[in-house]
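A.B. asks: Provide a 3D model corresponding to the input given below.
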Amino acid sequence: MNESVLSQLTAAFQKKFSDSGKPRYFRAPGRVNLIGGHTDYNDGFVLPVAIDREMLLAVSPRDDKKVKAYSCNFTDTRSFSLDKIEFNEEVMWINYLQGVAKYLQKAGFLLGGLDIALLGRVPLGAGLSSSAALEVAVASAFREVFQLELSDEKLAAIARQAENDFVGVNCGIMDQFISVLGRKNRALFLDCRTQEYELIPIKNSGYKIVVANTNVEHHLADSAYNKRQQECQQGVEILNNLFEKQISTLRDVNCDEFAAVKDKMPEVVRRRCQHVIYENQRVKDCRQALLDDDLEQAGKLISLSHKSLSNLYQVSCHELDLIVNIALEIDGVLGARMTGAGFGGSTVNLVKDQAIAEFKTIVTNKYQDKTGIEPDIYICEVVDGCGEISLN
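C.D. replies: Prediction:
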C-alpha cells in the first residue's frame, strides 16, 4: 500500500472529522475482466481479476445513527441518517453508500453511524468498476466495525443489490463478486447463475495485464446496455420455440445447438445471441488455457472476444477498436480486447514483460495521433479482494 496515499486519506479524515476517534482503514479493488463480455447478466461465465486500483476508506464509528462522508475525489461532504435513507437526485456518489446501508439493514443487520473519508484510485469512467469498489469497501467497513456475521458471498450480493435497486444500474454479480473474492495472482472463473467459482492461478511471470484507457465515454452506453439485455431476452423467447428443452437464458444453449437454428432468427437478435453463446465457450476455453499455462491460446481467445463484441454485439466504438488494432500489431502482445460495458472505457491487454515499454510508447503515440486524446496506460498487479488495511 502506498504510504503517501494513506497519509493523504488520513489528513483528509482528521481535517473533516477532528472530533472523531482514530480511524480504521479499508480497501476494495477495481477489476478488469479478462474475458466474458456481457455474459454476466445472461447467467453465463466470466473470468475477471482484481487489480491494484482501489477504493480506500478511513472510518470511525459515531455514537448516533448518522453517516457522514467526505469524498477526497470530489472534495465534497454529505451525510444521511440510517433511519431515513432517500435517493439523492443531485449527488450520485453518496447513493452508493446509502444503498449499501439500506440493504444491509433490510437484511436484518444492526448498523451504527460512521464518519468516513474516501479516496478512489479506480479511474472513473474507465470501465474498471469504481462503483462496485466503493460499494464493497463501504459494506466491508460496516461488517468489520459492527462485527456483522456476513459472508463474503452475501456481502457481494448486498453490494450488487445496492447498485441494482437503489442506484438503478442493472449490472450482474461479477463486479462486486471479484472485488470481494479476488485473490493475488489468481483469476476468478465465475458461474454467474450458480455463483460457484474457481480461483485460477496465473502462473506465468513473463507477462503483465495492461489496461489502456481510451479516455472517452460515449453517452450511448446506458441505453445500449439496456437494449442489449432486451435483445438477449427476445433471443431466449425465440429459442424456446425452436427447442424442446426449457431455455431460461442464453446460457442454456451451446454452440452446436445454436448453429443448427441461427438462420431461423432475425439478424440483430441472432448476432446478439451468437456473441453471448460463443463467448461463454471462449471463457471456458480461456480458463483451461490458463490452467495449462498456455498464454498464447488465452491471448487468441481474448482477441476473438473483442471481434465478437465489436462486430456481433456492437458495443465497441472507434476508439476502443483503434487501441486494440494498434496493440495487436506490437510484437509481444498476446491478446487485446475492450473490457467493461463498452462505447468507451478501456481495453485489457496481455503483454510480455519485454514489450511493455514499447506498448506504452506505440499505443500512446499512435492513438493520440489519430484521436488527439492521450490514453492512460496502467500496468496492473492482480491483488486480493476487499479487507481491512493493517498499519503494523
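A.B. asks: excluding its backbone neighbours, what's nearest residue 50?
C.D. replies: Of all residues not flanking residue 50 in the chain, residue 182 sits nearest, at 2.8 Å (CB to CB, 6 or more residues apart in numbering). All C-beta spots, glycine's among them, are computed from the backbone N, C-alpha and C.
A.B. asks: hang on, the one you found packs against residue 381?
C.D. replies: No - between residue 182 and residue 381 there is no contact under CB atoms under 8 Å: 11.4 Å.
A.B. asks: list residues touching both of the two?
C.D. replies: Shared contacts of residue 182 and residue 381, defined by CB atoms under 8 Å, 6 or more residues apart in numbering, are absent.
A.B. asks: Just want to know which of the two has more residues nearby.
C.D. replies: residue 182 (24 against 15; other CB atoms under 10 Å).
A.B. asks: pLDDT value on that one, please?
C.D. replies: On pLDDT, residue 182 comes in at 97.
A.B. asks: Give me the distance between it and residue 152.
C.D. replies: To residue 152, residue 182 is 11 Å away according to CB to CB, to the nearest Å.
A.B. asks: Now for the two: what residues contact both?
C.D. replies: Taking CB under 8 Å, 6+ apart as the criterion, residue 182 and residue 152 both touch residue 385.
A.B. asks: What helices and strands are in contact with the lengthiest helix in the chain?
C.D. replies: The longest helix of the chain (DSSP state H) is helix 267-291. Helix 267-291 sits against strand 45-46, strand 186-191, strand 197-201, helix 221-242, helix 255-261, helix 295-311, with contacts defined as 3 or more CB pairs under 8 Å, 6 or more residues apart in numbering; DSSP states H and E.
A.B. asks: how far does it sit from the chain's center?
C.D. replies: Here helix 267-291 shows a centroid-to-chain-centroid distance of 19 Å under the convention CA atoms, centre = their mean, to the nearest Å.
A.B. asks: Likewise for stretch 292-311?
C.D. replies: Relative to its chain's centre, stretch 292-311 lies at 19 Å (CA atoms, centre = their mean).
A.B. asks: Buried ones in it, by neighbour count?
C.D. replies: Neighbour-count burial for stretch 292-311, with 16 or more other CB atoms under 10 Å as criterion, is recorded at 295, 297-306, 308-310.
A.B. asks: mind exporting the longest strand anywhere in the chain as PDB, just the C-alpha atoms?
C.D. replies: Of all the segments of type strand in the chain, defined by DSSP state E, the longest one is strand 48-61. Presented in PDB, the C-alpha positions along strand 48-61 are these (Å, rounded to 0.1, in the frame of the first residue of the first chain):
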ATOM      1  CA  PRO A  48     -12.100 -11.300 -14.000                       C
ATOM      2  CA  VAL A  49      -9.200 -10.300 -11.900                       C
ATOM      3  CA  ALA A  50      -9.000  -7.800  -9.000                       C
ATOM      4  CA  ILE A  51      -6.400  -5.100  -9.800                       C
ATOM      5  CA  ASP A  52      -4.300  -2.700  -7.800                       C
ATOM      6  CA  ARG A  53      -6.600   0.300  -8.500                       C
ATOM      7  CA  GLU A  54      -8.600   0.600  -5.300                       C
ATOM      8  CA  MET A  55     -11.200   2.400  -3.200                       C
ATOM      9  CA  LEU A  56      -9.700   3.400   0.200                       C
ATOM     10  CA  LEU A  57     -11.700   4.300   3.300                       C
ATOM     11  CA  ALA A  58     -10.800   5.800   6.600                       C
ATOM     12  CA  VAL A  59     -13.600   5.000   9.100                       C
ATOM     13  CA  SER A  60     -14.600   5.700  12.700                       C
ATOM     14  CA  PRO A  61     -17.800   4.800  14.400                       C
END
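A.B. asks: could you say what helices and strands it packs with?
C.D. replies: Packed against strand 48-61 by the contact rule (3+ CB pairs under 8 Å, 6+ apart) you find helix 3-16, strand 24-33, strand 114-120, helix 130-145, helix 174-181, strand 186-191, strand 207-217, strand 376-380.
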